[in-house]
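Participant: Here is a sequence together with a model predicted from it:
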Amino acid sequence: MDINWWWLPLIVLGAIFAIRLLLTPYWIYKKIEKERNELQSQLQKDKDTPRLPSPPEIFQGALETITKELTNVMVSKQHDYGSANITEFGEFGVLVRANDKMARLKNLIDSENAPNNESIEDTWKDLANYSIIALMLRRGWWELPLE
């Protein structure tokens, strides 16, 4: 029996085309599902993003607003971490942590990429709080009890 082998590539191409035609709705569904998940994720991030208070009218009001935010972050983290994580390495450990935050900020600002985890503003708050922690360590106030 003499077989015409030139038909084989056409059959393979036809099979590939048929499979792709059958799978296209699945691929479209997956793409839509991915876009929907990304949109839901963004909506959740927007929902979780704290809203800024009304803008202050004087410098002292702006400073007071920011220092209240820093205090809230610091007290919250102090409840979670305690004081031992800082006292273990002292002022040098605070310097290393602050350097990590500065490197993160530099990378985010240089790359102009949106952060995946904490916001740039959160990073600035952490950096400010590390400065406060260093001052508290120097003054011997770091291990004071929380209310």
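Facilitator: Yep, it's here.

Participant: State the mean pLDDT of stretch 75-82.
Facilitator: For stretch 75-82, mean pLDDT rounds to 92.

Participant: What of stretch 17-37?
Facilitator: Mean pLDDT, stretch 17-37: 72.

Participant: Pop the domain breakdown of the chain in here.
Facilitator: For the chain, the structural domains run 1-46, 58-139, going by automatic domain parsing.

Participant: so which of those is the most packed in?
Facilitator: domain 58-139 (a mean of 13; mean count of other Cβ atoms under 10 Å). For the C-beta atoms, the positions are set from N, CA and C on the backbone; glycine is no exception.

Participant: how far is that domain from where the chain is centred?
Facilitator: Distance of domain 58-139 from its chain centroid, counting by Cα atoms, centre = their mean, to the nearest Å, is 15 Å.

Participant: what helices or strands is the helix or strand encompassing residue 124 leaning on?
Facilitator: Here residue 124, judged by DSSP states H and E, is contained in helix 120-139. Helix 120-139 sits against helix 59-81, helix 84-87, helix 90-111, with contacts defined as 3 or more Cβ pairs under 8 Å, 6 or more residues apart in numbering; DSSP states H and E.

Participant: What backbone torsions are found at the residue nearest the centre of the chain?
Facilitator: Taking Cα atoms, centre = their mean, the centroid of the chain lies closest to residue 117, which sits 1.1 Å from it. Taking degrees, to the nearest 10, you get phi -110, psi -100 for the backbone angles of residue 117.

Participant: Now do the contacts for it.
Facilitator: Residues near residue 117 by Cβ atoms under 8 Å, 6 or more residues apart in numbering: none.
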